[in-house]
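J.: Got a sequence here, can you model it:
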Amino acid sequence: MEGAELESIYPLSIITDGMGINFTVISHANKLCFAIASCPTHQPGTERLGKLMKASYREMQAAARA
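T.: Numbering: from 1, shown residues only. Below is the predicted model of the structure:
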C-alpha cells in the first residue's frame with residue numbers, strides 16, 4: 001500500500017465439521033508464525049501445545065548449535 005512495510009502477520013484458521021485440530025504456519029520476515037485451532041471435544045488437552053512447541057523449538061536450536 002504505497003510502499004508501506006508489512007510489520008506483522010497473524011495466521012488464522014477454522015475448524016470445520018469432522019476436524020479435531022488445525023495447525024497453520026506462515027513465514028514472513030525471518031519469522032515463523034503459528035496458529036492452532038482445535039475442537040476441545042474431539043481434541044482435549046490442546047492448551048498444552050504452546051508450551052510443548054516452544055520446548056521442542058529450544059531443543060531443535062540446541063541440536064543445530066551442536
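J.: Report the spatially closest residue to the residue nearest the centre of the chain, excluding sequence-adjacent ones.
T.: The centre of the chain sits closest to residue 34, judged by C-alpha atoms, centre = their mean, with a distance of 1.8 Å. Of all residues not flanking residue 34 in the chain, residue 25 sits nearest, at 5.5 Å (C-beta to C-beta, 6 or more residues apart in numbering). C-beta coordinates here come from the backbone N, C-alpha and C atoms, glycine included.
J.: Wait, that neighbour touches residue 36, no?
T.: No. In this structure, residue 25 is not within contact of residue 36 by C-beta atoms under 8 Å, at 10.0 Å.
J.: which of those two has more neighbours?
T.: Ranked by neighbour count (other C-beta atoms under 10 Å), residue 25 and residue 36 place residue 36 first, with 17 against 10.
J.: Pull the residues that contact the helix or strand hosting that one.
T.: Under the criterion of DSSP states H and E, residue 36 resides in strand 31-38. With contact meaning C-beta atoms under 8 Å, 6 or more residues apart in numbering, strand 31-38 is reached by 9-15, 20-27, 46, 49-50, 53.
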